[in-house]
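Colleague: coordinates only, sequence not included:
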Ligand SMILES: Nc1nc2c(ncn2[C@@H]2O[C@H](COP(=O)(O)OP(=O)(O)OP(=O)(O)O)[C@@H](O)[C@H]2O)c(=O)[nH]1
């Protein structure tokens, strides 16, 4: 595990620099600094919902490492809070936290402008409370937003489900799903697709849900999944996640199903790596220095499972789950990882270059992996 800071020049690479450009409506980093209007043009994710539904808590827990218990002391948000997380995260967009319910009839609130630059609208419903009023607000919000920007994704977080039994959770989700879609059908908006997630800040469900929201906004997702599939099948790995280190959102995974336990294990591994690196860091302050080019860790569990973490870019890390037997071929895994890492860098360089030239012709990176038995496999 690395604990050394590699030097400034090594931190100059950054996938996030290309990320907003790949959304097609982002602005350059330099422009961001010059005016807040420019930074407002960054792709956004909006957090909306009734007062006390848990919007600020979600944002603080996922992106600012606040512990769930501390959210009890969060004060009510009074104005739109714009959180630009791009300096620390691959997830290069703004999260806009809205103060309780938005008054769409307030003339000073230009909701059309806000919705037009939005990638995803997350509507948070407090599942522990009576949600009828919240459902009515959801309907007004999504219909207005859809008219302004039909391309945006509509995500509904059925939140605070930690207080509900398993049966109650399923029943609540079914009920909310039914009512929300019936309301849309009544006004002829069957085309408006709502995605539903059961979430809580007290477990990993909020990170999983946010991962799925973010993945839908990554144009390179199919390429990333393809690269992960090639990497794991040639290396004898069971499951691999590409993580945004700071938020523990997974940007992509291979196409085998995700089980919560594996995801939680990998999240915990990131915490261990960052915490241990911080403790032994050469720097007194451990802000952003705990993760660098040298970062890697191997954790052997007592059930013959191995967790393997390696740095991919300044913000991204690959966390793999594999059997002890497969780990005996560590040389092969490392070689394939080297190819995988190179391919990931190419994906985002191509993305950035494509944006710069305003060209829509994307080229695919080559992943010259070695198969599990050692023969080179030229794959795209
Ligand atoms: N049990 C439980 N409580 C939660 C969860 N998420 C948030 N809360 C609590 O809900 C309360 C309200 O959270 P906030 O994040 O302030 O809600 P908000 O939607 O931002 O509220 P406004 O700023 O007034 O719009 C806090 O006491 C949180 O601790 C959750 O997943 N489970």
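Modeller: Perfect, I can see it now. Predicted model, so just to flag it, every value in this text is computed and none were measured.
Colleague: use CA for all of it now, contacts and neighbours both
Modeller: OK.
Colleague: What residues does the stretch 151-300 of the chain have near the ligand?
Modeller: 159-160, 162, 200-202 (Cα under 6 Å from any ligand atom).
Colleague: Just grab the bridge partners of residue 118 for me.
Modeller: Bridge pairing for residue 118 (DSSP bridges) gives the partners residue 44.
Colleague: In strands only, show me the residues of the stretch 151-300 of the chain next to the ligand.
Modeller: The members of those that map onto strands under DSSP state E are residue 159.
Colleague: Redo the residues of the stretch 151-300 of the chain next to the ligand as JSON lines? Include distance to residue 143, neighbour count and pLDDT.
Modeller: Below are these laid out as JSON lines (distance: Cα to Cα, whole Å; neighbours: other Cα atoms under 10 Å; pLDDT from 0 to 100):
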{"residue": "159", "distance to residue 143": "21", "neighbour count": "25", "pLDDT": "96"}
{"residue": "160", "distance to residue 143": "25", "neighbour count": "21", "pLDDT": "95"}
{"residue": "162", "distance to residue 143": "29", "neighbour count": "17", "pLDDT": "94"}
{"residue": "200", "distance to residue 143": "26", "neighbour count": "24", "pLDDT": "96"}
{"residue": "201", "distance to residue 143": "28", "neighbour count": "23", "pLDDT": "96"}
{"residue": "202", "distance to residue 143": "31", "neighbour count": "14", "pLDDT": "95"}
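Colleague: Would you map the helices across the stretch 251-380 of the chain?
Modeller: For the stretch 251-380 of the chain, helices defined by DSSP state H, counting those that start in this stretch occupy the ranges 260-279, 324-327, 330-356.
Colleague: Identify each buried residue in the first one, please.
Modeller: In other words, helix 260-279. For helix 260-279, a neighbour-count test (16 or more other Cα atoms under 10 Å) marks 262-264, 266-267, 269-270, 273-274, 277-278 as buried.
Colleague: Tell me the one of those nearest the ligand?
Modeller: The ligand has its nearest neighbour among the buried residues of helix 260-279 in residue 264, at 16.6 Å by Cα to the nearest ligand atom.
Colleague: pLDDT wise, what is the closest one at?
Modeller: Residue 264 carries a pLDDT value of 91.
Colleague: if I look at the residue lying closest to it once chain neighbours are set aside, how far off is residue 236?
Modeller: Closest residue in space to residue 264, ignoring its immediate chain neighbours: residue 204 at 6.6 Å, by Cα to Cα, 6 or more residues apart in numbering. Separation of residue 204 from residue 236 (Cα to Cα, to the nearest Å): 27 Å.
Colleague: which of the residues in stretch 167-181 are buried?
Modeller: Buried-residue list, stretch 167-181, by 16+ other Cα under 10 Å: 169, 172-173, 176-177, 180-181.
Colleague: got the contact list for it?
Modeller: Stretch 167-181 is contacted by residues 127, 135, 138-139, 158, 161, 190, 194, 196, 198 when judged by Cα atoms under 8 Å, 6 or more residues apart in numbering.
Colleague: among those residues, which are in helices?
Modeller: Among those, the members found in helices (DSSP state H) are 135, 138-139.
Colleague: Let me know the closest of the residues you listed to the ligand.
Modeller: Using Cα to the nearest ligand atom, the ones in helices among the contacts of stretch 167-181 come closest to the ligand at residue 138, 13.7 Å.
Colleague: burial count for the closest one?
Modeller: Look at residue 138: counted by other Cα atoms under 10 Å, it has 22 neighbours.
Colleague: same check, this time on residue 74
Modeller: Neighbourhood size, residue 74 [other Cα under 10 Å]: 12.
Colleague: and it, how far is that from residue 204?
Modeller: Taken as Cα to Cα, the span from residue 74 to residue 204 is 20 Å.
Colleague: still on that earlier bit, next, give me the two most distant ones among the buried residues of helix 260-279.
Modeller: Based on Cα to Cα, the longest span within the buried residues of helix 260-279 runs between 262 and 278 and measures 24.4 Å.
Colleague: Would you mind checking which of the ones in helices among the contacts of stretch 167-181 is nearest to residue 43?
Modeller: residue 138 (21.7 Å).
Colleague: who touches the closest one in this structure?
Modeller: Neighbouring residues of residue 138 by Cα under 8 Å, 6+ apart: 49, 123, 180.
Colleague: give me that answer again for 7 Å
Modeller: Neighbouring residues of residue 138 by Cα atoms under 7 Å, 6 or more residues apart in numbering: residue 123.
Colleague: do the same with residue 298
Modeller: Here residue 298 is in contact with 307-309 (Cα under 7 Å, 6+ apart).
Colleague: Check the residues you listed one by one and keep those near the ligand.
Modeller: Of the residues in the contacts of residue 298, proximity to the ligand by Cα under 6 Å from any ligand atom holds for none.
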